[in-house]
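>>> coords below, sequence missing:
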DNA sequence: AAATTTATGTGATAAACTTAACAATATTGA
DNA sequence: TCAATATTGTTAAGTTTATCACATAAATTT
């Protein structure tokens, strides 16, 4: 019933509704949402329906109520603890990124093999890779961000698989497949850029 | 004819084929590709067909030939120059990321308003935001990566729109819509993580 | 209070994307 | 050389996802 894009759309609804809330709005109609997100209003209503979000005919939806419901759906009652594997430039940037906190996500540790990066007193601490398995078990970590060099990506996934972690957000260029026990979502920044370059060049060609 | 996912798939084919090439393979069959990427072999053949990549019945496809064709499709004959707008932690990490070069992408400059980040002698240089428009025009830049704080994202897009740039890879949490002149692709890392958390938690619920 | 308006909720329809199926054909081996 | 086999190329079928369209219900107006 719930398809892949639906959760990402729900997150977009959430962002928009929070914005409308700060502007003082209390209610919203499906086509207010659909207009700004450039989708159809029926898709908004269908998404809401699928997630049990109901409105009033003629009256629209109450923003507070939708936002509460979305947080329920996303399980925002408890803080989600996440670790970063590989504290290179990108890993470090993500560790220190301030945007996670307000969505209830906390980066609780980073891990690396390079002694010069290790700092057990840091906030969050950076520990040696040796400690990954114990840390994940002791702290009941379900999700990690993987920002290791391409060369060690496969090895790292094997290591993580053995820990019983549930999800990896993989920033390495190696594409991994999910299994029933371990969901791996791949973000390939180079591909995103190549894709954009293709689209832009093609548009330009069409104009000429 | 060519749909959104097709180019991203093509990039995955490319990665896989380059890997097979380094292992010494000369030829490949559609189901070799489809097995590792977990799609159907007919989709591989359809993609190839759409892009004018042909094989031999019974003989499969020649890896060298496919890779050459893919580079043609992607316009890899010339280096793509890209600039980074906003040299915070993530912007800086992307500026120094080594993975772009081998795909023919070169980060030629970064831009920021913070004087402490500016370094015109750097490699690549970091210049003041004042110089964005001139730089883009003089260097014929078509693509940029936007890694500015959320607060100034809208303003930055307006500024970039005025320069006539063709594409923005947007890492801010604000979602922007493309227009005919300007393609904006959004990467929302927080959403990617929230989505993963949702999937993992749901899987766990289903098991219990 | 009846008529009118306006938005939801949802079943039917359409569009987009993927897979299945198989004819066409190149290669191999007897 | 000819049958057997294996793989492409492509059309048809299937699946998934999004939109359309309208009946239903709440609110407003007359």
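Received it, and whenever you're ready, just let me know what you need. Every value quoted in this text rests on a predicted model; they were computed, and no experiment measured them. Residues are numbered from 1 along each chain as shown, chains lettered A, B, ... in the order given.

>>> neighbours of residue A:42, just the number please.
12 (other Cβ atoms under 10 Å in any protein chain shown). C-beta coordinates here come from the backbone N, C-alpha and C atoms, glycine included.

>>> what helix or strand is it on?
Using DSSP states H and E, residue A:42 sits in helix A:41-50.

>>> Whether that helix contacts chain B - can you check?
No. Helix A:41-50 lies out of reach of chain B by Cβ under 8 Å from any Cβ of the partner chain, never closer than 13.7 Å.

>>> tell me which residues in that helix are buried?
By neighbour count on 16 or more other Cβ atoms under 10 Å in any protein chain shown, the buried set for helix A:41-50 is A:43, A:44, A:45, A:47, A:48.

>>> Kindly provide the distance from residue A:144 to DNA strand D.
Shown here: residue A:144 relative to DNA strand D, a distance of 25 Å by Cβ to the nearest atom of the strand, to the nearest Å.

>>> can I assume that residue is in contact with residue A:165?
Yes. Taking Cβ atoms under 8 Å as the definition, residue A:144 is a contact partner of residue A:165 at 5.9 Å.

>>> Between those two, point out the one with more neighbours.
Regarding residue A:144 and residue A:165, a neighbour count based on other Cβ under 10 Å identifies residue A:144 as having more, with 28 against 23.

>>> Once you drop chain neighbours, what's closest to that one?
Closest residue to residue A:144 apart from its sequence neighbours, by Cβ to Cβ, 6 or more residues apart in numbering or on different chains: residue A:83 at 4.8 Å.

>>> now the one you found, what's its secondary structure?
The three-state assignment at residue A:83 reads strand, by DSSP: H, G, I helix; E, B strand; the rest coil.

>>> now residue A:53: how far from chain B?
Going from residue A:53 to chain B by Cβ to the nearest Cβ, to the nearest Å gives 16 Å.

>>> helix, strand or coil for that residue?
Residue A:53 ends up coil, using three-state DSSP.

>>> Remind me which helix or strand residue A:174 belongs to.
In the assignment (DSSP H and E), residue A:174 maps to no helix and no strand.

>>> Hmm, it is touching residue A:151, no?
No. In this structure, residue A:174 is not within contact of residue A:151 by Cβ under 8 Å, at 9.5 Å.

>>> which of the two has more neighbours?
Comparing residue A:174 with residue A:151 by other Cβ under 10 Å, the one with more neighbours is residue A:174, at 18 against 10.

>>> Which stretches in chain A count as strands?
Using DSSP state E, the strands found in chain A span residues A:27-28, A:61-62, A:80-85, A:105-112, A:126-128, A:143-146, A:167-170, A:183-186.

>>> what's the burial count for residue A:112?
By the criterion of other Cβ under 10 Å, residue A:112 has 22 neighbours.

>>> so what's it closest to, chain neighbours aside?
Of all residues not flanking residue A:112 in the chain, residue A:87 sits nearest, at 4.4 Å (Cβ to Cβ, 6+ apart).

>>> And the one you found, how far from residue B:135?
According to Cβ to Cβ, to the nearest Å, residue A:87 stands 32 Å off from residue B:135.

>>> Who has more neighbours out of these two?
residue A:87 (26 against 17).

>>> Next up, the contacts around residue A:124.
A:95, A:107, A:108, A:109, A:110 (Cβ atoms under 8 Å, 6 or more residues apart in numbering or on different chains).

>>> Can you tell me the closest non-neighbouring residue to residue A:183?
Nearest residue to residue A:183, sequence neighbours excluded (Cβ to Cβ, 6+ apart): residue A:167, at 4.5 Å.

>>> any idea how far the one you found is from residue A:115?
Distance, residue A:167 to residue A:115, using Cβ to Cβ: 28 Å.

>>> When these two are compared, which one has more neighbours?
More neighbours surround residue A:167 than the other of residue A:167 and residue A:115, with 26 against 7 (other Cβ under 10 Å).

>>> what pairs with that one across the strands?
residue A:143, residue A:183 (DSSP bridges).

>>> pretty sure it is touching residue A:179, no?
No. Counting by Cβ under 8 Å, residue A:167 stays clear of residue A:179, with 11.3 Å between them.

>>> which neighbours do these two share?
Overlap of the contact sets of residue A:167 and residue A:179 (by Cβ under 8 Å, 6+ apart) is empty.

>>> roughly how far apart are the residue nearest to residue A:112 and residue B:153?
When distance is defined by Cβ to Cβ, residue A:87 is 27 Å away from residue B:153.

>>> How is chain A divided into domains?
When chain A is parsed with automatic domain parsing, its domains come out as A:4-73, A:80-191.

>>> can you tell if the longest one touches DNA strand C?
Right, domain A:80-191. No. Using Cβ under 7 Å from any atom of the strand, domain A:80-191 stays clear of DNA strand C, coming no nearer than 12.8 Å.

>>> Just give me how far that domain sits from the chain centre.
On the basis of Cα atoms, centre = their mean, to the nearest Å, domain A:80-191 sits 13 Å off its chain's mean C-alpha point.

>>> and that domain, what's its mean pLDDT?
Domain A:80-191 shows an average pLDDT of 97 in the prediction.

>>> What of the shortest one?
Rounded to a whole number, the mean pLDDT of domain A:4-73 is 97.

>>> tell me how far the ends of that domain are from each other?
15 Å (Cα to Cα, to the nearest Å).

>>> one step back: so who does the residue nearest to residue A:112 touch?
By Cβ under 8 Å, 6+ apart, the contact set of residue A:87 is A:95, A:110, A:111, A:112, A:114, A:117, A:126, A:147.

>>> Equivalent analysis for residue A:9, please.
For residue A:9, the contacting residues are A:37, A:39, A:43, A:47, by Cβ under 8 Å, 6+ apart.
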